[in-house]
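Visitor: Need a 3D model of the sequence below.
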Amino acid sequence: MMRLRVSLGTQLFLLVMAIMLLAVGGTAAVWVQHTRRQLDDEYQQRALAIAQSVAALPSVRNAFAAPDPPALLQPIAASVQRMTKADYVAIANRDQIRFAHPNTALIGKRLSTDGSAVLGGRSWTGTQTGTLGRSVRGKAPIFDSSGQVIGLVSVGVMESTVISQLGETLPPLLWTVLAVLMTGAAAAALLTRRIRRQTFGLEPREIAALFEQREAVLHGIKEGVLVIDLTGRVTLVNDAARDLLGLPDRTGVPLADLPLSDRLRDVLGGVDAGEDSIVLVGDRVLVFNRMPVAVRGRRMGWVVTLRDRTELVRLSRDLERSSSTTDALRAQAHEFANRMHTVVGLLSLGEYAAAERYITETTAAHQRFAGSLSDRLAEPTLAALLLAKSAEAAERGASLELTADSSVDPALLGDPADAVLVLGNLVDNALDALDGGGGLVEVRLRTDGDGLRVEVRDSGPGVTQDLAEEVFRRGFTTKAANAGSRGLGLALTRQACLRRGGWVRVHNDGGAVFTALLPYGEAARGGPGAGAGVSGAGAAR
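Guide: The predicted structure follows:
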């Protein structure tokens, strides 16, 4: 069976018109009924007034004592009927025998309706059906000189007359009803047009399909999506964003009431504007983009997208470490080639003794430096890292030195992964601060009762006071005058320290001095600051 599909606009138009018809029709029916009651009451009172006037005539009272009352009363009744335009005037005695009536054939016969209530001395109004048809009536008793009821007068107006007068009042009512319906139709058409414009001409089933598609897309994509209105409330959060940010499963919550770090709240709220803003949330590296949303030229809010780049950053840092190792090997190869060229030159000149001394001295110097690293840093991973960084520093025209009081106990240190991350990032940061202009990077490593202390000092321009906290908090490269470049590595360094319950700080002493405390292994994970994000309250103040 084929189902008839009616558009939403047509349904609304028909519904509004049906409501208008019911309302206007009901109002008109009530008005007609009320007017009819008013006309009935008006004609009843008019008939009663005529009946009372006739009953009060002395000639009427005197006629009852005459030998032939109908002969005297019929002319009076006919005259009153003509003058008042009543449909009938009837007069009867106490036995309800007619003495006057429009139909002379009924004179002398009993009334067709009961008049006993009137003969009791009370006037009466109402609607009754008599010999002439249904009429509205007024009846009044006739009293003699002693106050006794001797008869009654009945005056009536036919119901057809009342209906005729009611019909004369209907045309204005019908025109009013028509005008109201036309106005309602115009309003319904405007409402239908407005709704179609607001729904872009889509039908309910199409809107439902779009909603289902939107839900499927929002909750099916891997990227996180948040929608923020003009008042700063989060009106939409998909599953990915909720999982990445740890947000509650509800919307309409102001940003200020959400469990977010200051850095994350600044990015979402637009205080820290920019594309591809990097924020560290727990162990994740997230990239945020905040774009305005406008509908028909009017700003409605913002949509924030976020991507998880944790794995990409990890791979990038692995690649950087590999590149750093390659650079170190290349530097060593370059240095070895230079030495070999020197040896070949000396041999070509026949300076065999000088060549022997040169080989011995350079080999001994390298062995002394490597041996010094091994002696002070019993942890081979850290020693190898510093050896590679030393070659890289030499390639960049700088020098890297390990302080004489450096000492690392591998038994206390445990897994060196976090130590390598912190030391490597701080050394890279120091080399970047020198900006290829030469200089010194001094490293101090010690294990004590609190944990591994890492101090990296460079001879660069230092860090300005206003950036002392910013270099750790922002989580993306910040470049300012006399500040050097500080990248994501510093934020990762602070995150690693805070995760272990430690801290990282920076101050100036002829250059930037970065100091970090990395507590030992699992024992320190429950300490102060454990689990804090990179934007949390740190010790670097």
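Visitor: Please identify the buried residues of the helix or strand where residue 303 lies?
Guide: Following DSSP states H and E, one finds residue 303 within strand 298-308. By neighbour count on 16 or more other Cβ atoms under 10 Å, the buried set for strand 298-308 is 301, 302, 304, 305, 306, 307, 308. Yep, even glycine has a C-beta here, placed from its N, CA and C like the rest.
Visitor: Quick one: distance of it to the chain centre.
Guide: With Cα atoms, centre = their mean, to the nearest Å as the basis, strand 298-308 stands 13 Å off its chain's centre.
Visitor: and it, average pLDDT?
Guide: The pLDDT scores in strand 298-308 average 83.
Visitor: Pull that strand out as CSV, backbone CA atoms only.
Guide: Extracted C-alpha coordinates of strand 298-308, given in CSV (Å, rounded to 0.1, in the frame of the first residue of the first chain):
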residue,chain,number,x,y,z
ARG,A,298,26.7,35.5,12.6
ARG,A,299,29.4,34.1,15.0
MET,A,300,28.0,31.1,16.9
GLY,A,301,31.1,29.9,18.8
TRP,A,302,34.2,27.9,18.1
VAL,A,303,35.1,24.4,17.2
VAL,A,304,38.3,22.9,18.6
THR,A,305,39.9,19.9,17.1
LEU,A,306,42.7,17.9,18.7
ARG,A,307,45.0,15.2,17.5
ASP,A,308,47.1,12.8,19.5
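Visitor: tell me the secondary structure for residue 280?
Guide: strand (DSSP: H, G, I helix; E, B strand; the rest coil).
Visitor: Report the secondary structure state of the residue in the chain sticking out farthest from the centre.
Guide: Distance from the C-alpha centroid of the chain, by Cα atoms, centre = their mean, peaks at residue 67 (99.3 Å). When classified by three-state DSSP, residue 67 comes out as coil.
Visitor: Likewise for residue 518?
Guide: Going by three-state DSSP: residue 518 is strand.
Visitor: ok, it touching residue 454?
Guide: Yes - the pair formed by residue 518 and residue 454 meets the contact definition of Cβ atoms under 8 Å, at 6.8 Å.
Visitor: Can you pull the residues that touch both of these two?
Guide: 419, 422 (Cβ atoms under 8 Å, 6 or more residues apart in numbering).
Visitor: now the lengthiest helix in the chain: how far from the chain's centre is it?
Guide: When the chain is parsed with DSSP state H, its longest helix is helix 8-55. Put simply, helix 8-55 sits 50 Å off its chain's centre (Cα atoms, centre = their mean).
Visitor: again with stretch 205-223
Guide: Using Cα atoms, centre = their mean, the offset of stretch 205-223 from its chain centre is 17 Å.
Visitor: what does that stretch rub up against?
Guide: If you take Cβ under 8 Å, 6+ apart as the criterion, stretch 205-223 is touched by 199, 202, 225, 236, 238, 239, 240, 305, 306, 307, 308.
Visitor: now do 6 Å
Guide: 225, 238, 239, 240, 305, 307 (Cβ atoms under 6 Å, 6 or more residues apart in numbering).
Visitor: quick one: the helices in the stretch 201-350 of the chain?
Guide: Per DSSP state H, counting those that start in this stretch, the stretch 201-350 of the chain carries helices over the ranges 204-220, 239-245, 262-269, 310-348.
Visitor: Before I go, just wanted to say thanks for your time.
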